[in-house]
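S.K.: below are the sequence and a predicted model; questions follow.
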Amino acid sequence: MSITMNDLALPLLLPIIIIFAVASVQVLIEALVPRHLRHAIQLATTYAALAAALVLTVLAWRDGPHPMAGVDMISVDGPTHFAWVLLLLFGALALLTFAERRLYGGVSVFAPQAAAVPGTVQEREAHEARVEHTEVYPLALFALTGMMLFVSANNLLLLFVALEIMSLPLYLLSGLARRRRLLSQEAALKYFMLGALSSAFFLMGVALLFGVSGSFNLSGINAAITGVAPAGVDPNLWATQIAGVSPVLLYAGLGLLAVGMLFKLGAVPFHQWTPDVYTGAPTPVTGFMAVLTKLAAVVAMMRVFYVALGAARWDWQLLLTVIAILTMAVGAVLAIVQTDVKRMLAYSAINHAGYLLVAIVGVSQAATGVAEGQQTSVSSVLFYMLTYGFATLAAFAIITLVRDASGEVTDINGWSGLSRKSPLVAAAMALMMLSCAGIPLTAGFMGKWMVFASAVRGGFAWLVVIGVLMSLVAAFFYLRLIVVMYFRKPVEGPEVVTPGVGTMIVLLVGVVATVLLGIFPGPAMDLAQQAAEFLG
Amino acid sequence: MTIPWLTILGVVPLIGALLLVFIKGNTARLVGLAFAVITAAIAIALLVQFQFDGGMQFTEQVSWIPAIGAWYSLGLDGLGLTLVLLTALLVPFVMIAGWDDAEVTGRGSSASYFGLVLLLQGLSMFVFTATDVLLFYLFFEATLIPMYFLIGRMGLGGRRGRAAVKFLLFSLAGGLIMLAAVIGLYAVSAAAGNPTYLLDELAALNIDGSIGRWLFVGFFIAFAVKAPMVPVHSWLPDAAEEGHAGSSALLVGVLDKIGTFGMIRFCLGLFPEASTWATPVVMVLALVSILWGAIAALGQRNLMRLIAFTSVSHFGFIVLGIWAFTSTSLSGSIFYMLNHGFSTAIMFLVAGYLVRRRGTAEIAAFGGVQTVAPVLAGVFLVGGLSTISLPGMSSFVSEFMVLAGTFSRFPVYGAIAALGLVLAAAYILVMYKRTMTGPVPEPVRARVTDLTARERFAVAPLIVLILVLGFFPKPMLDVINPASQDTLQAVGVVDPVPQIVEGTN
């Protein structure tokens, strides 16, 4: 089979290509440009790349859905475009917090020299020489490349490659904290070990599904499950190929694949890495992971389960229902007992993964009888991620502001009476917590409405009842932070430090978007609704 | 174009709340009061323009979230107008009563108190005028936020933070269950082809059968927590005990009315079939609330808790009247909401004056107040007598209507409910005896002074209102009757015809 330029459809893939190319050039910049110029150049090229990719994505989206690109390996459909826009937008916001220097006394939040052993002379020298790792920008862009591929991959092998491209830079980034370096390195190692393990599961699942269907292509797997030969294949020949394949292989493959996806999503019981990594990683990186990794994982997971395994949904809906309930419950209940704000938000992220799974389980799509023009599971998950992203990025940005002499104060007692010290920052954090809790007039409520509505339409009203009860449990710990900030006496020590422009922008955008999406969600919902169906 | 009166009604207090973020001190109080008075004036203007022939008036409708069929849709009927009037009239007096409480107690500031009260008022106005279920839900939940901060920041008790969280969690639990039902409504209407949240379009769908019943239960639980009814009432006494008197007056007077308002507007309006299906359970719950609230009130040692439990009992009466499904009892219930709002406000505000003087709300700490502060004691007695529905007070009219209506359909339930009246007399008079009569303890003599002019001015108009409506309830009943007839027509029941046994010779 010869591949033509037409099959590649490179223009559709320009957003990915630009991000990847700029990241590669940035590696060269690291090697060739003098140290004092690097930060400015890296930052400028990063944002140029993000802006170019964003514009191209929006332009391509306006043209409507496209046929497959990259030799049927990449699906450039509505959900892909929506997810790309979200990835680029949230990526741009998260990277603003990467560039923050004012909070940390004129240096970046990242370790001066990652290779230096913590507590040694080299480390101190590097610290005093004020060197820093500007490699974080290419690393983040490489991760972004992987994520953009991950949400659009229509082929299990490419999906695996994308998974690795997005994961490896994240392992590194988590280990780069300037303060509490041992904790950070431990987090990175944990993340890497467990991530590698889950990748192995994922790969095994890919192999088994290939065994079942003889295809890496999502629609090829679907064809094997439904028993309808794909176009262009001799039906008789095809029937002999798939005859006699045990469904056990299918279930095993499905399960193993799910393990890999659920790990990245942070769903129970594959969530153990989340609290440690979220706590240990530099806070800007935590925000980046909490939003972008989750977004990539949830979209890819829906694509695989809907497009490739949609016909077997009776088999996996029950499995995912159990996981959804566990994820909501464990996230909410364990968050209550946390005394560290960052760890609490990590469990909150697990809890949110549970709500996303509720929508996935619902499968309210055109295939299950949802009329065209109405909201589907895919559109509600995308809208949910939109609301979740702003609130989470802003919440982690606020965590970087509350500091004392030893760095960020993440112990919840240090946040006592924050509303007296800085009414604006406390109000912003309260708003984010209310949004996360899904209180009306904030974006979080509309997001929650969407995911629950798609589950109800899919016939899972009872799961939604469990979901709303879990959001009640979750509301408890969000409120606790508000109680601490507003109803307790201020403590000595922790102060709210004024950040640089970048972090300010993240906060401002987060607050404005959370309020706007809470009151006028209409336009964003219409956009999400244009991304209602995967093209398989 | 027509003037969007209902939007103005809701937005004016919200603007006031926003302004108070930037203004401090005495100016803040004056500005806050000014906005409350303007709101009251708008509400009265609405009453003047109101046509007494049923249906929604002053309607506004703008597409809001087309993707899910939600509209910014407002309208006012007799039910809504009654509660709008209650909210608009209560707020200025609550402000005057708690004029400098924040400065005196050192809890919060006047600016934040007045601001939160205005915020609560504005959101409540939208709750009472929304004719779109999602819009209603949004404001229904949003009212929790200012109330939460009012209890948590302004409260006097040492456990006010806990009380605030308990209030919020109970309300959120109900609200979230209702959210599932709200989403269910979307699913039903979307499956019927056209997702909509408009009340009249949903009512036209005739949702019955098991789906209707499930959705009804979702709504009812939320409103039962809000009202509050036994067994989900336990947050109210705590909130009243720890909270500030003015906030408690608004909590019980306005916010809890959303529960009974919602029962009429949504449970009866959207699920008539399920509402009649649930009648036995709801009636029993209402009776339990009446008796439980009254008996618990008898046993309280804290003034604020006692008043809270009397309200639980009264909400039982309101629910009883709603579910008796007669035009008399339903009108009585709606009128009851108004009267209960005023009389409980008097009780809470005067109890607040007492607490401010004595520093505690424990009944045992008082005694003989009528000797040292006769006006205070007198006002308290009037509030108490209104609570037990003495003839001549407006609450008598409404309680009588509720019981009379209930008797005509459910004589047994009516008879049991009447026991509540006896208990009411007991708990109010016993409390009055313990606090206001008898020998004067030294701390009371030293600290309890009579009402100042400002304090008198805060409660006197409320007393006048109660008396005027007690002797001449017709204006309010003219507003209410068409609304209750519309509701009963939607449910599809007619008043029972009295059976007259023919005499035999």
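M.R.: Sure thing, it's come through. Numbers count the residues shown, from 1 in each chain, chains lettered A, B, ... in the order given.
S.K.: what's the burial count for the residue in the stretch 201-350 of chain B positioned nearest to chain A?
M.R.: In the stretch 201-350 of chain B, the residue that lies nearest chain A is residue B:214 (7.6 Å; Cβ to the nearest Cβ). Just so you know, the C-beta spots here come from the backbone N, C-alpha and C atoms, and that holds for glycine as well. Residues within reach of residue B:214, counting by other Cβ atoms under 10 Å in any protein chain shown, total 18.
S.K.: with residue A:102 instead?
M.R.: Neighbour tally, residue A:102, other Cβ under 10 Å: 14.
S.K.: what about the residue lying closest to it once chain neighbours are set aside, distance to residue A:506?
M.R.: For residue A:102, ignoring the flanking residues on the chain, the nearest one in space by Cβ to Cβ, 6 or more residues apart in numbering or on different chains is residue A:500 at 3.8 Å. Going from residue A:500 to residue A:506 by Cβ to Cβ, to the nearest Å gives 11 Å.
S.K.: more neighbours: which of the two?
M.R.: A count of neighbours by other Cβ under 10 Å puts residue A:506 above the other of residue A:500 and residue A:506, at 27 against 15.
S.K.: what's near enough to touch the more buried one?
M.R.: When contacts are counted by Cβ atoms under 8 Å, 6 or more residues apart in numbering or on different chains, residue A:506 touches A:93, A:94, A:96, A:97, A:393, A:394, A:397.
S.K.: do I have it right that the third one meets residue A:499?
M.R.: In this case it means residue A:96. No - using Cβ atoms under 8 Å, residue A:96 is not in contact with residue A:499; the gap is 10.0 Å.
S.K.: in the stretch 251-400 of chain A, which segments are predicted with low confidence?
M.R.: Low-confidence segments of the stretch 251-400 of chain A (pLDDT under 70): none present.
S.K.: alpha carbons of the helix or strand harbouring residue B:16, as CSV, please.
M.R.: According to DSSP states H and E, residue B:16 maps onto helix B:5-19. Extracted as CSV, the C-alpha positions of helix B:5-19 are listed here (Å, rounded to 0.1, in the frame of the first residue of the first chain):
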residue,chain,number,x,y,z
TRP,B,5,-40.7,45.3,36.5
LEU,B,6,-39.7,41.9,37.8
THR,B,7,-36.1,42.2,36.7
ILE,B,8,-35.9,45.6,38.3
LEU,B,9,-37.4,44.2,41.5
GLY,B,10,-34.6,41.6,41.7
VAL,B,11,-31.8,43.7,40.4
VAL,B,12,-32.2,46.8,42.6
PRO,B,13,-31.3,45.0,45.8
LEU,B,14,-28.4,43.2,44.0
ILE,B,15,-27.0,46.6,42.9
GLY,B,16,-27.3,47.8,46.5
ALA,B,17,-25.4,44.7,47.6
LEU,B,18,-22.7,45.4,45.1
LEU,B,19,-22.4,49.0,46.1
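S.K.: does any part of that helix sit near chain A?
M.R.: No - Helix B:5-19 stays clear of chain A (Cβ under 8 Å from any Cβ of the partner chain), getting no nearer than 11.6 Å.
S.K.: near chain B, which residues of chain A? Just list them.
M.R.: A:370-371, A:374-375, A:434, A:439-441, A:445, A:448-449, A:452-453, A:456-457, A:461, A:464-465, A:468-469, A:471-472, A:475-476, A:479-480, A:483, A:486-488, A:520-522, A:525-526, A:529.
S.K.: quick check on those residues: which are buried?
M.R.: Those of the residues of chain A next to chain B that meet the buried threshold are A:370, A:374-375, A:434, A:439-441, A:445, A:448-449, A:452-453, A:456-457, A:461, A:464-465, A:468-469, A:471-472, A:475-476, A:479-480, A:483, A:486-488, A:521-522, A:525, A:529, by 16 or more other Cβ atoms under 10 Å in any protein chain shown.
S.K.: helices - which of those residues land there?
M.R.: In this view, these that belong to helices under DSSP state H are A:434, A:445, A:448-449, A:452-453, A:456-457, A:461, A:464-465, A:468-469, A:471-472, A:475-476, A:479-480, A:483, A:486-487, A:522, A:525, A:529.
S.K.: helix, strand or coil for the closest residue to residue A:324 other than its chain neighbours?
M.R.: Nearest residue to residue A:324 in three dimensions, chain neighbours excluded: residue A:357, at 3.6 Å (Cβ to Cβ, 6+ apart). Applying DSSP: H, G, I helix; E, B strand; the rest coil to residue A:357 yields a three-state assignment of helix.
S.K.: what about the chain, any weak spots by pLDDT?
M.R.: I went with chain A, as the question did not name one. Ranges of chain A meeting pLDDT under 70: A:1-2, A:5, A:230-233, A:238-245, A:536.
S.K.: my question was about chain B, not that one.
M.R.: Short version for chain B, where the test is pLDDT under 70: B:1, B:498-505.
S.K.: what residues does it have near chain A?
M.R.: B:63-68, B:137-142, B:144-145, B:149, B:152-153, B:160-161, B:164-165, B:168-169, B:172-173, B:176-177, B:179-180, B:183-184, B:186-187, B:190-191, B:193, B:195, B:214.
S.K.: out of those, name the ones that lie in helices.
M.R.: Per DSSP H, the residues of chain B next to chain A map to helices at B:137-142, B:144-145, B:149, B:152-153, B:160-161, B:164-165, B:168-169, B:172-173, B:176-177, B:179-180, B:183-184, B:186-187, B:190-191, B:214.
S.K.: could you count how many residues lie near residue A:193?
M.R.: 12.
S.K.: name the element it belongs to?
M.R.: Following DSSP H and E, one finds residue A:193 within helix A:181-213.
S.K.: ok, then the element right after that helix?
M.R.: Taking DSSP H and E, what comes next after helix A:181-213 is helix A:218-226.
S.K.: can you pull the buried residues of that next one?
M.R.: A:218, A:219, A:220, A:221, A:222, A:223, A:224, A:225.
S.K.: pull the CA atoms of that helix into PDB?
M.R.: Taking C-alpha atoms only, helix A:218-226 is exported to PDB below (Å, rounded to 0.1, in the frame of the first residue of the first chain):
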ATOM      1  CA  LEU A 218     -10.800   1.900  16.000                       C
ATOM      2  CA  SER A 219     -13.400   1.300  13.300                       C
ATOM      3  CA  GLY A 220     -11.700  -2.000  12.500                       C
ATOM      4  CA  ILE A 221     -12.200  -3.200  16.100                       C
ATOM      5  CA  ASN A 222     -15.800  -2.000  16.000                       C
ATOM      6  CA  ALA A 223     -16.300  -4.000  12.800                       C
ATOM      7  CA  ALA A 224     -15.000  -7.100  14.500                       C
ATOM      8  CA  ILE A 225     -17.400  -6.700  17.400                       C
ATOM      9  CA  THR A 226     -20.400  -5.900  15.300                       C
END
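S.K.: next one: that helix to chain centre, how far?
M.R.: Chain-centre distance of helix A:218-226: 27 Å, with Cα atoms, centre = their mean, to the nearest Å.
S.K.: and that helix, what other elements does it pack with?
M.R.: On a contact count with 3 or more Cβ pairs under 8 Å, 6 or more residues apart in numbering or on different chains; DSSP states H and E, helix A:218-226 meets helix A:181-213.
S.K.: in the helix it packs on, which residues are buried?
M.R.: Residues of helix A:181-213 classed as buried: A:181, A:183-192, A:194-195, A:198-199, A:201-206, A:208-210, A:212-213 (neighbour count, 16+ other Cβ under 10 Å).
S.K.: touching, residue A:481 and residue A:345? I think so.
M.R.: No - judged on Cβ under 8 Å, residue A:481 makes no contact with residue A:345 at a distance of 9.4 Å.
S.K.: list the residues that contact the residue of the stretch 251-400 of chain A found nearest chain B.
M.R.: Nearest residue of the stretch 251-400 of chain A to chain B, counting by Cβ to the nearest Cβ: residue A:374, 5.7 Å away. Residues near residue A:374 by Cβ under 8 Å, 6+ apart: A:529, B:67, B:190, B:195.
S.K.: who touches residue 288 in this structure?
M.R.: Assuming you mean chain A. A:91, A:94, A:95, A:98, A:140, A:143, A:173.
S.K.: hm, I was asking about chain B
M.R.: B:229, B:230, B:231, B:316 are the contacts of residue B:288 under Cβ under 8 Å, 6+ apart.
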